[in-house]
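Q: fold the following.
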Amino acid sequence: MNVNLDTKYDILKTLMLEDRTEIRAIKASIYNLLTALTGLSFFVTPFLIKDQPIIPALTDLALILLIWVIFSRLKVDTFHCRQCLEGREDLLNELDESSKAGTFNPFRDCSDRKVKIQDSELLLLPRVATVLVVAKAIVIAVIQTSSK
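A: Okay, here's the model as predicted:
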(Lines give C-alpha, C1' and ligand atoms only; values in the text may rest on other atoms or scores of the structure.)
Protein backbone atom coordinates (compact mmCIF):
# COMPACT_ATOMS: atom_id res chain seq x y z
CA MET A 1 0.00 0.00 0.00
CA ASN A 2 1.54 3.29 -1.06
CA VAL A 3 -0.05 6.14 0.92
CA ASN A 4 1.26 9.18 2.78
CA LEU A 5 2.37 9.07 6.42
CA ASP A 6 -0.74 10.79 7.85
CA THR A 7 -3.05 8.29 6.16
CA LYS A 8 -0.99 5.39 7.49
CA TYR A 9 -1.18 6.87 10.97
CA ASP A 10 -4.97 7.27 10.71
CA ILE A 11 -5.40 3.70 9.46
CA LEU A 12 -3.34 2.31 12.33
CA LYS A 13 -5.08 4.50 14.88
CA THR A 14 -8.49 3.32 13.68
CA LEU A 15 -7.48 -0.35 13.64
CA MET A 16 -5.97 -0.12 17.13
CA LEU A 17 -9.15 1.51 18.39
CA GLU A 18 -11.17 -1.35 16.89
CA ASP A 19 -8.83 -3.91 18.50
CA ARG A 20 -9.26 -2.30 21.91
CA THR A 21 -13.03 -2.16 21.47
CA GLU A 22 -13.11 -5.84 20.56
CA ILE A 23 -11.01 -6.76 23.60
CA ARG A 24 -13.39 -4.83 25.86
CA ALA A 25 -16.39 -6.54 24.23
CA ILE A 26 -14.88 -10.00 24.73
CA LYS A 27 -14.08 -9.22 28.36
CA ALA A 28 -17.63 -7.97 28.89
CA SER A 29 -18.94 -11.19 27.34
CA ILE A 30 -16.84 -13.21 29.76
CA TYR A 31 -18.18 -11.27 32.74
CA ASN A 32 -21.79 -11.45 31.57
CA LEU A 33 -21.84 -15.11 30.55
CA LEU A 34 -20.07 -16.38 33.65
CA THR A 35 -22.31 -14.33 35.91
CA ALA A 36 -25.41 -15.58 34.10
CA LEU A 37 -24.35 -19.22 34.22
CA THR A 38 -23.48 -19.00 37.92
CA GLY A 39 -26.81 -17.34 38.66
CA LEU A 40 -28.58 -19.95 36.53
CA SER A 41 -27.15 -22.66 38.75
CA PHE A 42 -28.71 -21.05 41.82
CA PHE A 43 -31.98 -20.39 40.00
CA VAL A 44 -32.45 -23.89 38.60
CA THR A 45 -31.59 -25.87 41.75
CA PRO A 46 -34.91 -25.34 43.61
CA PHE A 47 -36.82 -26.72 40.62
CA LEU A 48 -34.60 -29.77 40.24
CA ILE A 49 -34.15 -30.64 43.90
CA LYS A 50 -37.64 -32.18 44.19
CA ASP A 51 -36.99 -35.00 41.72
CA GLN A 52 -33.77 -36.79 42.55
CA PRO A 53 -30.74 -35.57 44.46
CA ILE A 54 -28.38 -36.46 41.63
CA ILE A 55 -30.07 -34.20 39.05
CA PRO A 56 -28.96 -30.87 40.63
CA ALA A 57 -25.42 -32.20 41.02
CA LEU A 58 -25.26 -33.25 37.36
CA THR A 59 -26.72 -29.92 36.31
CA ASP A 60 -24.10 -28.07 38.34
CA LEU A 61 -21.37 -30.22 36.83
CA ALA A 62 -22.64 -29.43 33.33
CA LEU A 63 -22.77 -25.71 34.12
CA ILE A 64 -19.22 -25.76 35.50
CA LEU A 65 -18.05 -27.50 32.35
CA LEU A 66 -19.89 -24.93 30.23
CA ILE A 67 -18.35 -22.08 32.24
CA TRP A 68 -14.83 -23.35 31.57
CA VAL A 69 -15.44 -24.12 27.89
CA ILE A 70 -16.89 -20.68 27.21
CA PHE A 71 -14.14 -18.99 29.21
CA SER A 72 -11.39 -20.91 27.39
CA ARG A 73 -12.79 -20.00 23.97
CA LEU A 74 -13.19 -16.31 24.80
CA LYS A 75 -9.74 -16.21 26.42
CA VAL A 76 -8.24 -17.45 23.15
CA ASP A 77 -10.10 -14.72 21.28
CA THR A 78 -8.74 -12.13 23.71
CA PHE A 79 -5.22 -13.46 23.17
CA HIS A 80 -5.51 -13.16 19.38
CA CYS A 81 -6.88 -9.62 19.66
CA ARG A 82 -3.93 -8.70 21.88
CA GLN A 83 -1.55 -10.14 19.30
CA CYS A 84 -3.06 -7.96 16.58
CA LEU A 85 -3.09 -4.87 18.80
CA GLU A 86 0.54 -5.25 19.82
CA GLY A 87 1.56 -5.97 16.22
CA ARG A 88 -0.10 -2.74 15.13
CA GLU A 89 1.57 -0.87 18.00
CA ASP A 90 4.93 -2.09 16.72
CA LEU A 91 3.96 -1.06 13.21
CA LEU A 92 3.07 2.38 14.55
CA ASN A 93 6.53 2.64 16.13
CA GLU A 94 8.12 1.58 12.83
CA LEU A 95 5.98 3.95 10.75
CA ASP A 96 8.82 6.27 9.72
CA GLU A 97 11.02 3.36 8.63
CA SER A 98 8.24 1.66 6.69
CA SER A 99 7.36 4.89 4.91
CA LYS A 100 10.92 5.10 3.61
CA ALA A 101 10.89 1.48 2.48
CA GLY A 102 7.46 1.87 0.93
CA THR A 103 6.01 -1.21 2.67
CA PHE A 104 2.93 -0.80 4.80
CA ASN A 105 0.72 -3.71 5.80
CA PRO A 106 -1.57 -3.07 8.80
CA PHE A 107 -2.90 -6.65 8.50
CA ARG A 108 0.36 -8.57 8.79
CA ASP A 109 0.48 -11.99 10.44
CA CYS A 110 0.97 -11.77 14.21
CA SER A 111 0.24 -15.40 15.09
CA ASP A 112 3.75 -16.09 16.38
CA ARG A 113 3.83 -12.98 18.59
CA LYS A 114 4.05 -13.31 22.36
CA VAL A 115 1.79 -10.79 24.04
CA LYS A 116 2.89 -8.55 26.89
CA ILE A 117 -0.54 -8.26 28.52
CA GLN A 118 -1.88 -11.67 29.52
CA ASP A 119 -5.29 -10.65 30.94
CA SER A 120 -4.62 -13.05 33.81
CA GLU A 121 -7.18 -11.27 36.00
CA LEU A 122 -9.87 -12.91 33.88
CA LEU A 123 -8.91 -16.32 35.27
CA LEU A 124 -10.35 -15.29 38.62
CA LEU A 125 -13.89 -15.26 37.21
CA PRO A 126 -14.33 -18.94 36.28
CA ARG A 127 -12.52 -19.95 39.45
CA VAL A 128 -14.92 -17.96 41.63
CA ALA A 129 -17.90 -19.24 39.64
CA THR A 130 -16.70 -22.82 40.08
CA VAL A 131 -16.19 -22.36 43.83
CA LEU A 132 -19.66 -20.84 44.23
CA VAL A 133 -21.41 -23.60 42.30
CA VAL A 134 -19.47 -26.36 44.08
CA ALA A 135 -20.14 -24.78 47.49
CA LYS A 136 -23.84 -24.57 46.67
CA ALA A 137 -23.86 -28.22 45.56
CA ILE A 138 -22.16 -29.28 48.79
CA VAL A 139 -24.63 -27.33 50.92
CA ILE A 140 -27.57 -28.86 49.02
CA ALA A 141 -26.09 -32.36 49.43
CA VAL A 142 -25.59 -31.83 53.17
CA ILE A 143 -29.13 -30.53 53.59
CA GLN A 144 -30.59 -33.43 51.62
CA THR A 145 -28.53 -35.97 53.57
CA SER A 146 -29.47 -34.54 56.96
CA SER A 147 -33.17 -34.36 56.10
CA LYS A 148 -33.41 -38.09 55.36
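
Q: let me see the ranges of the helices in this protein.
A: For the chain, the helices defined by DSSP state H cover 5-48, 54-93, 95-101, 124-147.

Q: if you compare those, which one is most tucked away?
A: Of these, the one with the most neighbours on average (mean count of other CB atoms under 10 Å) is helix 54-93, at a mean of 17. Placement of C-beta: from N, CA and C, glycine included.

Q: wait, G87 touches C110, no?
A: Yes - with contact defined as CB atoms under 8 Å, G87 reaches C110; the gap is 3.6 Å.

Q: so which of the helices of the chain is nearest K116?
A: For K116, the closest of those is helix 54-93, at 6.4 Å, according to CB to CB.

Q: and the angle for that closest one with helix 5-48?
A: Between helix 54-93 and helix 5-48, the angle comes out at 170 degrees (axes from the mean of the first three to the mean of the last three CA atoms, to 10 degrees).

Q: packing partners of helix 54-93?
A: Helices and strands touching helix 54-93, by 3 or more CB pairs under 8 Å, 6 or more residues apart in numbering; DSSP states H and E, are helix 5-48, helix 124-147.

Q: quick one: the nearest residue to L40 once chain neighbours are set aside and L123, what's the gap?
A: Distances taken as CB to CB, 6 or more residues apart in numbering place L63 nearest to L40, at 6.6 Å, with adjacent residues excluded. From L63 across to L123, the span is 18 Å (CB to CB, to the nearest Å).
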